[in-house]
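Chemist: take a look and give me a structure for this.
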Amino acid sequence: MSVAGRRGVFAVALLVFVMLIPMSTFAFANPAGVTPEEARLEAGRLIERVRDATREDPSQPGAVAAFAGAVAGTPLLVRDFEGNPSEYMVPVLDAGGRAIYLIGVGALSGKWHWYCRYDDVDFPVVSAGSAVSKAEAWLRERGADIELPAPQARIAPDKLAYWFFELPGTRFAEMYVPVFLEDKPSSALETRPWERSRQLPAPAGDTGGSAGFPGVSGAAPSLPVSRSASATPRTGGAPAAYDIPDVPYHQQLTDYWCGPASLEMVMDYFGPDIDQAEIASVANAHPSYGCYNTELGRAAQFSSKSTSVQTPSLQGYSARQLGYGMASAYWENGSPLYDYRYSDLKELVSQNLPVLALTSYSPGSGGHFRVVKGYNDSIGTFTVHDPWYTPPYEGPDVQFEQSFFVDTLWPYSDRWAMIAAPWSVTVNKPFSATAGETFTVQASAAYRGPAPLDGQYPCTVDSATATIELGPDFELVGGGTQQPIGSITTTGTSGSASWTVRALDSGTTDGIEVSARGGIFGSTTDYPSYSDWIGGVGTAASAPPVTSRAWAHDSIGVATPSEVWFLAEGCTNGGFETWVLVQNPNTDPAQVHLTYMTPDGPVEGQTETVPASSRMTFNVADVVPETWEVSTMVESDYGVIAERAMYGNGRRWGHDSIGVDTPAPTWYLAEGCTNGGFETWILVQNPNNQPAEVHLTYMTPSGSIKGPDVQLPANSRKTFFVSDSVPAEWSVSAQVTSNRNIIAERAMYGPARAWAHDSVGVPAAAMNWYLAEGCTNGGFETWVLVQNPNDEAANVTLTYMTTDGQVPGPSVSIPANSRETFNVADVVPNTWEVSTRVSANKNVIAERSMYGNGRQWGHDSVGVSVPATDWYLAEGCTNTGFETWVLVQNPNPLPAEVTITFKTPAGPVDGPVETLPARSRKTYNVGNTVPWEYNVSTRVHSNRPVIAERAMYGDAQ
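Modeler: Residues are numbered from 1 along each chain as shown. Reported below is the predicted structural model:
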């Protein structure tokens, strides 16, 4: 909105600052207010509060691990330039008695105001006693023998702390010794230290401003929300605590560049880093008054279309030619925004928008720019990067008490603040493409500015466009490289553009880039009329957003590739989809042949070459459509990995299983339920050239129940409905035996087939099982199912492994030939990442089932009995409507070095390399490394034996 005559506000470098610097190793009493002991007790209460918060969550904003065992030291009284008590500086002392943090406590209010790190060896650098010795030596050199009074620590107009010696009746009048710098004393005889900086006149046209702000800024076409503007009501939705990760910190390089330094932090966060001197040149910073807020906002928009007022040869920043979008507002007293002054600040920060605020450096002093990057309502802090460069009040992550920051410091500028950010440009495109493939590239651009910063700095007519740049391996299929984005008009608006592209060669799409820009114009005192290009550049979108999770499936990996794989389950009728996924981890191509097995016998399937270090997908319906029962055999001339994924009900459910490389005469399936609307199906594949005699036995809490006995024809598949033998049973496991080597799986469906999950069986029981996946937070349920196929009871113990380490679980005795179910949340509730180890005194079988979204989805996997150093996971997709997560469990008593590599049609992609703590679990979002890829497999390698699984979630069609 336009605000005619609104005066600019500036941050002055050389002003009187009245707080924050401790002066002495002594606690000087404050006759007008709080005693030193009261200040120390207040600091002690804050230490305990922060310590408690840190124990609860050491990663939350404002947490300080070093406060464990720390105590409040002797308070130091700080005075303003006139000698009035301002604050107590209370050192936080570690076990060795060294000051590691400082806490500011109001000398009149007795309330804590802030805390920050302290890095110098001594506190203060120059003690009161050392200052006396320095002053006496300096006087002796000048032939003066004067008895010195006790000094007072005061803040001078240059923001530095000095020991003040008042010497009335002498030729020196006053003496000054720096508190936090090793420097020589001085006196009133010579130029005072804070007067040594060069003073420049204010820019022409500055006339003195309204509301006590010395400086004027011309009215721009769209300026911040004003006193008379109306604000759209907003409901706060920010979390209780948030800290923008990885906001770089930069000190100001001169005593009047707090504004340029703050803007550099913001620009460096979005990238690239912009030279602080260039920002100061564009913002027309001067030693006499620092930098105007409006000129700093203009510096954010600066582009190659403009020239710097101080350096006319500078056209656009050296590191960036496009300007940033910018928006600002005043949350002043009595304005429509006043009631939102806390919530708006938090909302902006929680959206990863660092807020550049103009405050007073200390109560009643001159202006100082700072960057707000976090907050914590439980401790009551805002986290601030302060560009000032002398201790103790400076540096990254200064923690301000919220009301002190908002209602004491920020009113200096009528609570002016701004955001500066490039346009957000996300590019949706496949991660890779094969030669001749045609695909769509879609770019979404956003001119950032959430309420109340929307509607500012409109783009000139028809100036908002997106432009695609193609590498030599791609060509456009119709249309031009530049597309209009007419829906982008002002801050807070967004739009999109798309292109059809053809790949000329196989490979990744890294060579495709999209930029978006729009033209804006404005006016300030130093730039009476300016116009700039603002915008942003995108290459690839980050991981697609979380899906609706209409379905989910999960599978363990396999430790060794094989030349033959068997997949018992499959269906291409009744709305079922069946996909076979083959991963080739070799450095040579693999020739792969599929054979499908149905009740009527074998059907020859596809024969394809799977490129080295890649993955290929086969649709079973391409060969055997409308078939209710179909198993698969995969053969290859090199060792590969094969999985099968299935979907149904318009992809409202999905399930998946790894293949079996070695058929066996006995199979165990721990999970099963035939009550409460659950369906359980056993699927048996006979890959032999002779018929197989198959026998099923079910195990329930009441004991074993005989199942069907059938003969399976050669190279065929058969399905068994468990309810036919064991109806209305909540817990039922199965044993499948045969006179020949076969393969057995189990598929389960929920009420109305709202969800489904599946698992291959295991050919042998074991005394130890590992289950990498598990979650008991966010509506997830995790159940561990243990089958005892023995004729004697088995003593079973569960141990859970989380990101924080190992947690003991239940120990029970499971009766002979029965099954037991364990709810993981009974022991580790509200835990996002939890793996399980099942150990027993007899050989048992363990599986894990999970459900979510009110049981709208479910997935399941059998456990792993032997950890391994290599795991292969054939399935994976990170394109629209899919999520893929790799879960790694380290069951060892020592850390494990884990390396993840992803395989795509374009070849291998390096993934995370991390150290997993002993007996812990870690989750990896594949989309963070390989976004928008339909075909992606995974290899997990470790220097110690671990367990790896993969979970997938997706949208319905």
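
Chemist: spatially central residue for this structure, please.
Modeler: Pro245 (7.1 Å; C-alpha atoms, centre = their mean).

Chemist: which ones are touching it?
Modeler: Shown in contact with Pro245 (C-beta atoms under 8 Å, 6 or more residues apart in numbering): no residues. For the C-beta atoms, the positions are set from N, CA and C on the backbone; glycine is no exception.

Chemist: 10 Å instead, please
Modeler: 269, 352, 373-374 (C-beta atoms under 10 Å, 6 or more residues apart in numbering).

Chemist: same question, Gln889
Modeler: Residues near Gln889 by C-beta under 10 Å, 6+ apart: 770-774, 801, 833-837, 864, 867, 896, 916, 919-922, 946-949.

Chemist: out of those, which are inside strands?
Modeler: In strands, defined here by DSSP state E, the members of the contacts of Gln889 are 770-771, 801, 834-837, 896, 916, 920-922, 946-949.

Chemist: may I see the ChimeraX selection of the buried members of these?
Modeler: Buried residues within these, by 16 or more other C-beta atoms under 10 Å, are selected in ChimeraX with:
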select :770,771,801,834,835,836,837,896,916,920,921,922,946,947,948,949
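
Chemist: ok, the ones in strands among the contacts of Gln889 vs Ala747, which is closest?
Modeler: Sorting those by distance to Ala747 puts Glu949 at the head of the list, at 18.3 Å, by C-beta to C-beta.

Chemist: nearest residue to the closest one other than its sequence neighbours?
Modeler: Distance criterion C-beta to C-beta, 6 or more residues apart in numbering; nearest residue to Glu949, sequence neighbours excluded, is Ala772 at 4.2 Å.

Chemist: you'd agree the one you found is up against Gly863?
Modeler: Yes - counting by C-beta atoms under 10 Å, a contact exists between Ala772 and Gly863, whose distance comes to 8.9 Å.

Chemist: can I get the CA coordinates of stretch 139-149 in CSV?
Modeler: Once non-C-alpha atoms are left out, stretch 139-149 reads as follows in CSV (Å, rounded to 0.1, in the frame of the first residue of the first chain):
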residue,chain,number,x,y,z
LEU,A,139,49.2,8.9,34.4
ARG,A,140,52.8,8.3,35.7
GLU,A,141,54.1,8.5,32.1
ARG,A,142,52.6,12.0,32.0
GLY,A,143,54.0,13.0,35.4
ALA,A,144,50.6,12.9,37.2
ASP,A,145,50.2,11.4,40.6
ILE,A,146,46.4,11.1,41.0
GLU,A,147,44.5,8.8,43.3
LEU,A,148,42.0,7.1,41.1
PRO,A,149,38.4,6.5,42.2
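
Chemist: flag every buried residue along it.
Modeler: Neighbour-count burial for stretch 139-149, counted by 16+ other C-beta under 10 Å, picks out 139, 146.

Chemist: and stretch 532-551, by the same measure?
Modeler: Taking 16+ other C-beta under 10 Å as the basis for neighbour counts, the residues of stretch 532-551 that come out buried are 532-541, 543-544, 547, 549-551.

Chemist: and what of stretch 762-773?
Modeler: Taking 16+ other C-beta under 10 Å as the neighbour-count basis, stretch 762-773 is seen to contain the buried residues 762-763, 765-766, 768-773.
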